[in-house]
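Trainee: 3D model of this:
(chains A and B)
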Amino acid sequence: MFTNVKRTFRRRDQEVLALDDVSFEVGEKEFVAIVGPSGCGKTTLLRMAAGLDFPTSGSVRVGDREVSGPGPDRAVVFQQFALFPWKTVEENIGFGLRCRGMDADARSRIVASYVELMGLQGYERAYPQQLSGGMQQRVAIARSYALDPDVLLMDEPFGALDAQTRVVMQEELIKLCRVNPRTALFITHSVEEAVYLADRVVVLTRRPGRIREILDIASVRRREGWDTHDRIEEVMDLESFVHLRTRIWRLLRERQEDAAPAGIAVKSA
Amino acid sequence: MARLGARSSARSKGVPSGSELFALSTLGLLAFFAVWYGVASSGWVPSRFLPGPVVIADTIARLSDHPYAGYTIEAHTVASLQRFGLGFGLAVVLGVPLGLLMGWYRWVDDVVAPLFESVRFIAPIAWVPFAALWFGTGIGGPILIIFSGAFPPCVINAYRGARQVDTVFVEAAQTLGAGGLRIITEVLVPAALPSIVAGLRVSAGLGWQSLIGAELIVVSSGVGYLMVQGQTSLQTPIVMSAMVAIGVVGFVIDVALRALESAVQRSWGVEP
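Mentor: A predicted model of the protein is given here:
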């Protein structure tokens, strides 16, 4: 998917290298999470896959095609939800289907099925701002899923939610992905969230973002039977989970300490 | 729902509630009428300079049965409202799209802004000579003058609204497969709507004010004309009756647009 991606930004007449030589691939129906310190360019990576940003050099491909712009084959779930406040829950979920030119009957069937799947019954005619944050993000996820996209791109989707809601949403997302697996790229700064949700975790370094390591979670999950536990806290108590989490923390911290003086220098420049 | 409830109850602590506001407004009006009545009936001022409220009420009643300056006061008001509707409508139809285009496309902004920024400082009344020259006593003159008052706020607020659209909405629409036209009609315009509607309110107020100015000079019907006729025949009660009509109609227009504005803000989740 990503090969030798490099991205620089100009900031006050200075070239800032945001991402350097990032290459990795997300397999069919695989769930990959990217973690890294803030400002490491993880959101930029996701925006490139979405076609909202472009590499300075290197290439970003989805399937066989080079990404040239945004499209409904790659649905994005934004951290700020990005629901249209002037449209009802139903209209928000059906928006992409309408863009596709689907007739009203077929559309309302699909919308209704996702309303049910995401537990939004009774809120079909509500406006997003009348809902809690968790409910709003459910609508946003339903809006993306309704398009039956090849790839699901999620940019810290639970970052704006409170801790309890976040846990519930994580559990629901993992269930959703089990019922309805998708190729997914998930950005987060929460190590637990990444380990809990992903098949593989890509650890990025502080700016410029480079790949520190890619960890295979899926094999551990299968071997240790994580999926037999329904609750996130049970999984998080397992020794295998704690082990992976600590390893990622260590990876993040090592680089942070290495890079700290450089980081300060960049700021003062 | 719960969140909305909590928000409005929090607000009610500092600000008077609807019924309290109504009571305060009524009190203000009553005080005004009492002072007016007192001064007018005290004999300190000749009644030709300041007729009392009772005289005005009588005059309005009389004007609504007996045509003055060609028409009853209702017919004058309707004539004014028609002109206002045309001029204001034209300002909205041209001004809002222009403002939106200036907000979305930098080059439109660059082309239009210098001209617009200088022309908008010419007071509507300053167009009167040209209105008379170009249109005589026809409908075009007053429309030009209302338009010159109502147009700038339409443009400015639409522009501001267009500039403030959060790019995340546009990006979300793009990733959901929306094309350019759909993004304009279903994302950019609705996102700019609260600001557009706020502009309409300012625009309507200025348009209505300009209209009265226009009617003092270039037409032969309307409340402004009624005022001039009353003035030339030294009928102060008629002048004041016309002023009352202007005030009441302006107030009604503003209340209607304020209701529209807060309806949009409420359903958009924008704090007023």
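
Trainee: How many residues are close by residue 93?
Mentor: By default, I'm working from chain A. The local packing of A:Ile93 (other CB atoms under 10 Å in any protein chain shown) involves 32 other residues. In short, each C-beta sits where N, CA and C put it, glycine included.

Trainee: meant chain B, my bad for not saying
Mentor: Neighbours around B:Val93, by other CB under 10 Å: 11.

Trainee: element containing it?
Mentor: helix B:73-104 (DSSP states H and E).

Trainee: Buried residues of that helix, list them for me.
Mentor: By neighbour count on 16 or more other CB atoms under 10 Å in any protein chain shown, the buried set for helix B:73-104 is B:73, B:75-77, B:79-81, B:83-84, B:86-88, B:90-92, B:95-96, B:98-104.

Trainee: And for stretch A:235-252?
Mentor: Those would be A:Val235, A:Met236, A:Leu238, A:Ser240, A:Phe241, A:Leu244, A:Arg245, A:Arg247, A:Ile248, A:Leu251, A:Leu252, for stretch A:235-252 by 16+ other CB under 10 Å.

Trainee: Could you list which of these belong to strands?
Mentor: Nothing among the buried residues of stretch A:235-252 maps onto strands, per DSSP state E.

Trainee: where does B:Ala191 land in three-state SS?
Mentor: Assigned with DSSP: H, G, I helix; E, B strand; the rest coil, B:Ala191 falls in the helix class.

Trainee: ok, the closest residue to it other than its chain neighbours - contacts?
Mentor: Distance criterion CB to CB, 6 or more residues apart in numbering or on different chains; nearest residue to B:Ala191, sequence neighbours excluded, is B:Val165 at 4.3 Å. By CB atoms under 8 Å, 6 or more residues apart in numbering or on different chains, B:Val165 lies in contact with B:Val187, B:Leu188, B:Ala191, B:Ala192.

Trainee: And the pLDDT for B:Gly250?
Mentor: On the pLDDT scale, B:Gly250 is placed at 91.

Trainee: on that earlier part again, ok, and the most crowded of the contacts of B:Val165?
Mentor: B:Ala192 (25 neighbours).

Trainee: I'd say it and B:Phe169 touch.
Mentor: No: B:Ala192 lies out of contact with B:Phe169 (CB atoms under 8 Å); the separation is 10.7 Å.

Trainee: Kindly reformat the contacts of B:Val165 as TSV and extend each row with distance to A:Ile214 and pLDDT.
Mentor: Formatted as TSV, the contacts of B:Val165 follow (distance: CB to CB, whole Å; pLDDT from 0 to 100):
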residue	distance to A:Ile214	pLDDT
B:Val187	37	90
B:Leu188	40	90
B:Ala191	40	90
B:Ala192	44	90
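
Trainee: who in the stretch 151-272 of chain B is up against chain A?
Mentor: Taking CB under 8 Å from any CB of the partner chain, the part of the stretch 151-272 of chain B that reaches chain A is made up of B:168-169, B:171-179, B:182, B:186-187, B:190-191, B:193, B:267-269.

Trainee: Okay, and which of these map to helices?
Mentor: B:168-169, B:171-175, B:182, B:190-191, B:193, B:267-268 (DSSP state H).

Trainee: What's opposite A:Glu183 in the beta bridge?
Mentor: No, residue A:183 isn't Glu; it's Thr. A:Val151 (DSSP bridges).

Trainee: quick one: it from chain B, how far?
Mentor: Computed as CB to the nearest CB, to the nearest Å, the A:Thr183 to chain B distance reads 15 Å.

Trainee: try A:Tyr145
Mentor: For A:Tyr145, the distance to chain B - CB to the nearest CB - is 12 Å.

Trainee: Using the record, which stretches count as separate domains in chain A?
Mentor: With domains defined by automatic domain parsing, chain A comprises A:2-73+A:150-268, A:85-148.

Trainee: Kindly reformat the ones you listed as TSV containing mean pLDDT.
Mentor: Shown next, in TSV, are these (pLDDT from 0 to 100):
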stretch	mean pLDDT
domain A:2-73+A:150-268	79
domain A:85-148	89
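
Trainee: hey, which of the ones you listed is tucked in deepest?
Mentor: Stretch with highest mean neighbour count among these: domain A:85-148 (a mean of 19; mean count of other CB atoms under 10 Å in any protein chain shown).

Trainee: Flag every residue of chain A that's near chain B.
Mentor: A:50-52, A:69-72, A:74-76, A:78, A:80, A:82-87, A:95-96, A:99-100, A:126-130, A:132, A:143, A:147.

Trainee: Tell me the helices and strands packed up against the strand or helix carrying B:Ala198.
Mentor: Counting by DSSP H and E, the element that carries B:Ala198 is helix B:189-218. For helix B:189-218, the elements it packs on are helix B:73-104, helix B:128-135, helix B:140-163, helix B:223-232, helix B:236-268, judged by 3 or more CB pairs under 8 Å, 6 or more residues apart in numbering or on different chains; DSSP states H and E.
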